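# Give me the fold of what follows.
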Amino acid sequence: MSMLDKLKGLLKGHEDQARQGVEKAGDAFDAKTQNKYQSQVDTAQQKINEQLGTQEKPGGEQRPPQP
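So this is what the prediction gives:
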């Protein structure tokens, strides 16, 4: 079992809280670096959210995946 599989198991049922944490961490990092790496942080946030099983709506809003 990979590390990612273990994390997904731990986060099961808490995806919304994880997304909020990812957003807060990215915002804090952007604030510390004065948005110097904002595009890289945004990309990382998107990839993490994809792994959590989210899809992005037009306009940057998040929605759960559709079955």
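# Could you measure from the residue nearest to the spatial centre of the chain over to residue 34?
In the chain, the residue lying closest to the centroid (C-alpha atoms, centre = their mean) is residue 49, at 3.5 Å. Per C-beta to C-beta, to the nearest Å, residue 49 is found 24 Å from residue 34. Quick note: C-beta positions are derived from backbone N, CA and C, even for glycine.
# all helices of this protein, in order?
Along the chain, the stretches classed as helices by DSSP state H are 3-11, 15-32, 38-52.
# which regions of the protein lie under the pLDDT threshold?
Low-confidence segments of the chain (pLDDT under 70): 54-67.
# Repeat the analysis, applying 80 as the threshold.
1, 4, 8, 52-67 (pLDDT under 80).
# First residue to last residue on stretch 5-22, what's the distance there?
18 Å (C-alpha to C-alpha, to the nearest Å).
# now do stretch 30-46
Stretch 30-46 has an end-to-end distance of 15 Å (criterion: C-alpha to C-alpha).
# And the contacts of that stretch?
The contact list for stretch 30-46 (C-beta atoms under 8 Å, 6 or more residues apart in numbering) reads 22-23, 26, 29, 56.
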